[in-house]
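1. Structure for this input, please:
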Amino acid sequence: MSLIDELKELQTAGIITSETAENIEAYYQNRNPPKTNRVLTAFGILGALLVGSGIILIIAHNWDQLSRGTQTTLAFIPLILGQLICGYSLFTNNRNTVLKEGGTTFLVFAIGSCIALVSQIYHHHGNLTSFLFTWALLSLPLIYVMRSSIAAILFIIGITAFGVQYRHWEYLGISNHYWYWILFTTVVPYYIYQLKTYRNNNYISFLNWSVCISVVISLMIDTHDINELMFVTFFTLFGLMYQIGEMKYFKPYSIISNAYHVISVIGSIIILFILSFDDIIWNDLRGDNINTIYSAKEFIPIVLLTALTLVVFVYQNRKKSFSDIGVFPLLFILFIPTFFLGYYSAISTLLINLFIFVLGVYHIIKGGQTVRLWEINYGLLMIAVLIYCRFFDTDISFVYKGIIFVLGGLGFFLTNYFILKKKQTHE
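-> Below you'll find the model as predicted:
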């Protein structure tokens, strides 16, 4: 007997109410979503995109031969069709994910095509920024009305593209990047709701990646006053992402699925290696006046991100011992004073190199204790890259560099050999 039949039997017997039966059914559907539905949903979304693209190509081939009225009618047909599909899924309480996500995807692109076609038909001259802004605003209600994660992902992609065009925002009467953050906050309530309700859903993983990548790109194209300060801004952002990735909502995810962990670790390591070279920014930094940072546009984001990161760090680690916290989160606290120390002394470069070395040793030790080969190799790779960077950065004979490379390769081989042997012994 299936779960639905058992729930009906219990409901008929008066043991549970209809509301309880619906809640139990929804719980098991969210906890164990059918694999076939995921495949069908993916093909449904792909099918909606292909059908929409095919219709556009067919119409485009004969577009110039059509009258203005016919062109306008054809521009609105996909929009009406998409609304009918979504309306049927919504008002009939249809739980078919394929129909809901596929119809919503079709409608999102129908909105964009309708805006573009009407503008072209009636010669309404605009730019890419205004088009993306209008498209995003009109697509926003679909996220909450249809409760569609695909619509949320497409919305985030759209506002990110809109943010990249921020230099053309004169038509909005402003010359800054705040509109991206205003649009981004509109999708945050839906994102939080999905995390709490459907954390095991595959769409959440894609939504996590979309949010992380969008925020990083947006920060990259923001206005710069003092470019060097962006290292602090990004490192603090990665520190915040790392702490978010440690929250209970993301702990069950695998390493690849936890976008906050992956992006924070990769991003922070890249920044550390860039700053490990003394002649990249440190020489210029020591020639600047530290008082100029207070008037820089990057100063406010740094203060806000630092405060938020510290609050999340204290909240996440309030019940942990020092050994349980690990080395990596502590680097985000030590990085800011180390960076500003670079205005006065060359010791900052040495400290950055020391951070990388300590982090590599930490992962080697931790990987050896847990017999995780990938973590050992990750730590070895960090130390090896650090050594190679320093040898390319210094005037040393190629013979000695070659010997170091050979020794580094042997170190990788021997470490993996002994760890595999230890793992086989435990098994």
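2. since we're on residue 140, how many residues are nearby?
-> Neighbourhood size, residue 140 [other CB atoms under 10 Å]: 19. C-beta coordinates here come from the backbone N, C-alpha and C atoms, glycine included.
3. again but with residue 186, I slipped
-> Residue 186 - counted by other CB under 10 Å - has 15 other residues nearby.
4. Quick one, grab the pLDDT at it.
-> Here the pLDDT value assigned to residue 186 is 94.
5. and the helix or strand hosting it, what does it pack onto?
-> For residue 186, the host element (DSSP states H and E) is helix 178-197. Judged by 3 or more CB pairs under 8 Å, 6 or more residues apart in numbering; DSSP states H and E, helix 178-197 is in contact with helix 128-145, helix 149-164, helix 202-220.
6. Could you measure from the residue lying closest to residue 100 once chain neighbours are set aside over to residue 263?
-> Nearest non-adjacent residue to residue 100, counting by CB to CB, 6 or more residues apart in numbering: residue 89, 4.7 Å away. Noted for residue 89: a distance of 34 Å to residue 263, by CB to CB, to the nearest Å.
7. Equivalent analysis for residue 244, please.
-> 10 Å.
8. Pull up the gap between the residue nearest in space to the middle of the chain and residue 345, please.
-> In the chain, the residue lying closest to the centroid (CA atoms, centre = their mean) is residue 212, at 2.2 Å. Using CB to CB, we find residue 212 at a distance of 34 Å from residue 345.
9. how close does the residue nearest to the centre of the chain get to residue 313?
-> 18 Å.
10. give me every residue that touches residue 82.
-> Under the criterion of CB atoms under 8 Å, 6 or more residues apart in numbering, the contact list for residue 82 reads 103, 106, 107, 110, 111.
11. What about the residue nearest to residue 18 when sequence neighbours are not counted, how many residues nearby?
-> Take residue 18 and drop its neighbours on the chain: the residue closest to it by CB to CB, 6+ apart is residue 11, 5.9 Å away. Residue 11 has 16 neighbours, counted by other CB under 10 Å.
12. got a pLDDT number for residue 11?
-> For residue 11, the pLDDT comes out at 73.
13. show me the contacts for it.
-> Neighbouring residues of residue 11 by CB under 8 Å, 6+ apart: 17, 18, 21.
14. need the contact list for the nearest residue to residue 257 once chain neighbours are set aside.
-> Sequence neighbours aside, residue 205 is the residue nearest to residue 257 in space, at 4.6 Å (criterion: CB to CB, 6+ apart). Residues in contact with residue 205 (CB under 8 Å, 6+ apart) are 253, 257, 259.
15. at 10 Å instead, please
-> By CB atoms under 10 Å, 6 or more residues apart in numbering, the contact list for residue 205 reads 199, 250, 253, 254, 256, 257, 258, 259.
16. Tell me the one of those nearest residue 85?
-> Closest approach to residue 85 among the contacts of residue 205 (CB to CB): residue 199, at 27.9 Å.
17. What pLDDT does the model give the residue nearest to residue 257?
-> In this model, residue 205 is scored at 84, pLDDT.
18. likewise residue 408?
-> pLDDT at residue 408 comes out at 62.
19. Check the one 5 residues further on too.
-> Confidence per residue is given as pLDDT, and for residue 413 that number is 63.
20. And for residue 307?
-> As predicted, residue 307 sits at a pLDDT of 86.
21. Distance-wise, check it relative to residue 236.
-> Counting by CB to CB, the gap from residue 307 to residue 236 is 10 Å.
22. same deal with residue 361?
-> 24 Å.
23. Between the two, tell me which one has more neighbours.
-> Ranked by neighbour count (other CB under 10 Å), residue 361 and residue 236 place residue 236 first, with 24 against 15.
24. residues touching the more buried one, list them.
-> If you count contacts by CB under 10 Å, 6+ apart, residue 236 has them with 268, 301-310, 332, 335-336.
25. ok, back up a step: now the helix holding residue 186: buried residues?
-> Of all the residues in helix 178-197, those buried under the rule 16 or more other CB atoms under 10 Å are 179, 180, 183, 184, 187, 190, 191, 194, 195.
26. Kindly calculate the angle that it makes with helix 202-220.
-> Using axes from the mean of the first three to the mean of the last three CA atoms, to 10 degrees, the inter-axis angle of helix 178-197 relative to helix 202-220 is 160 degrees.
27. for the helix or strand hosting residue 117, the distance to its chain's centre please.
-> Using DSSP H and E, the element containing residue 117 is helix 97-121. Relative to its chain's centre, helix 97-121 lies at 24 Å (CA atoms, centre = their mean, to the nearest Å).
28. for it, packing partners?
-> helix 35-61, helix 68-91, helix 128-145, helix 149-164 (3 or more CB pairs under 10 Å, 6 or more residues apart in numbering; DSSP states H and E).
29. Kindly calculate the angle that it makes with helix 149-164.
-> 30 degrees.
30. average pLDDT for helix 97-121?
-> Average pLDDT, helix 97-121: 85.
31. next one: stretch 240-257
-> 80.
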